[in-house]
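Visitor: here you go, sequence then predicted model.
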Amino acid sequence: MAFFLETLIGGLMSGMLYSLIALGFVLIFKASGVFNFAQGAMVLFAALAMARFSEWIPQGLGIESKVLGNLLAFAAAMLVMVIVAWLIEKLVLGKLVNQEGITLLMATLGITYFLDGFGQTLFGSQIYKIDVGLPKDPIFLLEGVFQGGILVSQEDLYAAVIAAALVAALSLFFQKTATGRALRAVADDHQAAQSIGIPLSRVWVIVWSVAGFVALVAGIIWGSKLGVQFSLSVLALKGLPVVILGGLTSVPGAIIGGLILGMGEKLSEVFLGPMIGGGIEIWFGYVLALLFLLVRPQGLFGEKIIDRV
Amino acid sequence: MAERKIGDVILDVRNISLRFGGVKALTDISFDVREHEVRAIIGPNGAGKSSMLNCINGVYSPQEGSITLRGQTFKHMNSRQVAESGIARTFQNLALFKGMSVLDNIMTGRNLRMKSNLFQQAIRWGAAEREEIAHREFVERIIDFLEIQAYRKTPVGRLPYGLQKRVDLGRALAMEPTLLLLDEPMAGMNVEEKQDMSRFILDVNDEYGTTIVLIEHDMGVVMDISDRVVVLDYGKKIGDGTPEAVRSNPDVINAYLGTSH
């Protein structure tokens, strides 16, 4: 029982991290109707920026304090992500107003490869580490209930709390503020949004900046766990089954989807693995997503698509 | 309608020509719109009505001619700049935000009038909160006016067509426009819905004093609610005047009955 719970909790927490990536997809889709394939590349780019700045800035300015150095690096990396957002709007999306979704998707595919490559040109292509002081030691819970207690990684715990807070804040922002409403309006119909005076270009810069912010947070958490390396960009593809599960337009869906995926992955690996052979973790999410596409293509929380004929 | 005071010219369209490649959509069109009037642009399908509206709305930039709004001539304005100058529009093929509720759709129309910035809104700081409430009150009045109270929270995608048209009108009204452009407001409606829509258009004109330019190809409705009518055919103006004058204009009769082109 204790082992089951341990696996479950471990799964839920890594699921929270998938949610964070999925959140980036959902944000941009909700607010511009674009499926942003480049979300993973943005995570890598942001993590690289953070890793390098946290090295360069304390060295350059002679700052001793690690907290201050990290804060400055975070601010600088955020600034870089805003610039990236602004450039994407100016050079790519701004030119593609009113185009088909597939055109925009292809454009983000281009952005993916560019960011993957250019990030390494700018920041180097070694494996870097990010140390923002997330505690590495595991803790034991429920020692009174189970013998030896349940082993929980503190790092994962912090990450899950940060992700949850971020998600709550973003949900409120979308549902309750005038800017959030403008973002949703733009997602539904570019032209109509323009005709009522919503500034498309500003909205897009905001959305991509927010997605950049989410990518940065995800990049820092993943990066401090696994090291900043090219595989982060690929890892972000785990966000895809999450958004299919949860629904592309739902922020809570990204969370629940992430939790289901993380949990399912770990449990199936540990308990089904011995029976049918290992490696389930790698394909579990995609098979689950495939099943969902057959049964409920809009995802758990997505808006049901009703077409009038 | 006689007691409504028609004011000075607020929109002056001069010698507009619009081409798409070799196709002439509009040729040398001139007309004016006076304050508080209901001005219709009619014509058979393909006459260039929508093109005309899209020129005023900043979607198309005409190659020749000028459009003057309240003494200010504009060229190459985009839709957003046009919206800022006080022109709102509705769409022929509904362009509502389908996933959003009726209330949210109409609230987006208040966007230009909101002053609070992103960060104030994010933490719902005093001023932003008060602003939201004030705009919400305004929007509720529009909802009452259009008699769609029951659908406030319904996603517009689920509403029947006639009601969606009303929401479209509501969103445009929320902008408190000085000039309201209606692109075929009655297209695809049944008789009852057409009557409702006519009533709303006249009420908007009466109560808010909004100047209205509307496009229709249904001549019957237009003649009843407009003060003056411009008739287009094949991108050229063939008639302009009161409904009575236009109705008896032989060119207009030809265009509509399809004799000798």
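Guide: Structure's in. What do you need?

Visitor: retrieve the pLDDT associated with residue A:207.
Guide: At residue A:207, the model reports a pLDDT of 87.

Visitor: mind telling me what element it is part of?
Guide: Here residue A:207 sits within helix A:200-226, counting by DSSP states H and E.

Visitor: do residue A:75 as well
Guide: Counting by DSSP H and E, the secondary-structure element that holds residue A:75 is helix A:66-87.

Visitor: and if you look at residue A:261?
Guide: According to DSSP H and E, residue A:261 maps onto helix A:251-267.

Visitor: quick one: average pLDDT of that helix?
Guide: Rounded mean pLDDT across helix A:251-267 is 88.

Visitor: please name every helix or strand in contact with the helix or strand following it.
Guide: Per DSSP H and E, the first helix or strand lying C-terminal to helix A:251-267 is helix A:273-276. With contacts defined as 3 or more Cβ pairs under 8 Å, 6 or more residues apart in numbering or on different chains; DSSP states H and E, helix A:273-276 has no helix or strand neighbours. (Glycine included, C-beta is placed from N, CA and C.)

Visitor: now helix A:273-276: mean pLDDT?
Guide: Mean predicted lDDT for helix A:273-276 stands at 82.

Visitor: put the alpha carbons of it into PDB.
Guide: Taking C-alpha atoms only, helix A:273-276 is exported to PDB below (Å, rounded to 0.1, in the frame of the first residue of the first chain):
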ATOM      1  CA  GLY A 273       5.700  -3.100 -16.600                       C
ATOM      2  CA  PRO A 274       6.800  -6.400 -15.000                       C
ATOM      3  CA  MET A 275       4.000  -8.200 -16.800                       C
ATOM      4  CA  ILE A 276       4.300  -6.900 -20.300                       C
END
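
Visitor: tell me the angle the helix or strand following the helix holding residue A:75 makes with helix A:66-87.
Guide: The C-terminal neighbour of helix A:66-87 among helices and strands, as given by DSSP H and E, is helix A:101-123. Helix A:101-123 runs at 140 degrees relative to helix A:66-87, counting by axes from the mean of the first three to the mean of the last three Cα atoms, to 10 degrees.

Visitor: contacts for helix A:101-123?
Guide: The contact list for helix A:101-123, computed with Cβ atoms under 8 Å, 6 or more residues apart in numbering or on different chains, reads A:32-38, A:40-42, A:44-45, A:48-49, A:51-52, A:84, A:88, A:92-93, A:96, A:230, A:233.

Visitor: and the helix or strand just after that helix, what does it pack against?
Guide: Toward the C-terminus, helix A:101-123 is succeeded by strand A:138-141 as the next helix or strand (DSSP H and E). Contact here means 3+ Cβ pairs under 8 Å, 6+ apart; on that basis strand A:138-141 packs against strand A:150-153, helix A:154-176.

Visitor: which residues are in contact with strand A:138-141?
Guide: Outside strand A:138-141, the residues that touch it by Cβ under 8 Å, 6+ apart are A:148, A:149, A:150, A:151, A:152, A:153, A:154, A:157.

Visitor: next, the buried residues of that strand.
Guide: If you call a residue buried by 16 or more other Cβ atoms under 10 Å in any protein chain shown, then strand A:138-141 has these buried ones: residue A:141.

Visitor: roughly how far is that strand from the heart of the chain?
Guide: Mean C-alpha position of strand A:138-141 versus that of the full chain (Cα atoms, centre = their mean, to the nearest Å) differs by 27 Å.

Visitor: mean confidence for that strand?
Guide: Averaging pLDDT along strand A:138-141 gives 78.

Visitor: same question, stretch A:175-185
Guide: Averaged over stretch A:175-185, pLDDT sits at 83.

Visitor: that one and chain B, are they touching?
Guide: Yes. Using Cβ under 8 Å from any Cβ of the partner chain, stretch A:175-185 comes into contact with chain B via A:176, A:177, A:178, A:179, A:180, A:181, A:182, A:184, A:185.

Visitor: coming back round to it: give me the buried entries from the contacts of helix A:101-123.
Guide: Counted by 16+ other Cβ under 10 Å, the contacts of helix A:101-123 give A:32-38, A:40-42, A:44-45, A:48-49, A:51-52, A:84, A:88, A:92-93, A:233 as buried.

Visitor: mind checking which of those residues are in helices?
Guide: Among the buried ones among the contacts of helix A:101-123, the members found in helices (DSSP state H) are A:32, A:40, A:41, A:42, A:44, A:45, A:48, A:49, A:51, A:52, A:84, A:233.

Visitor: fine by me, thanks again.
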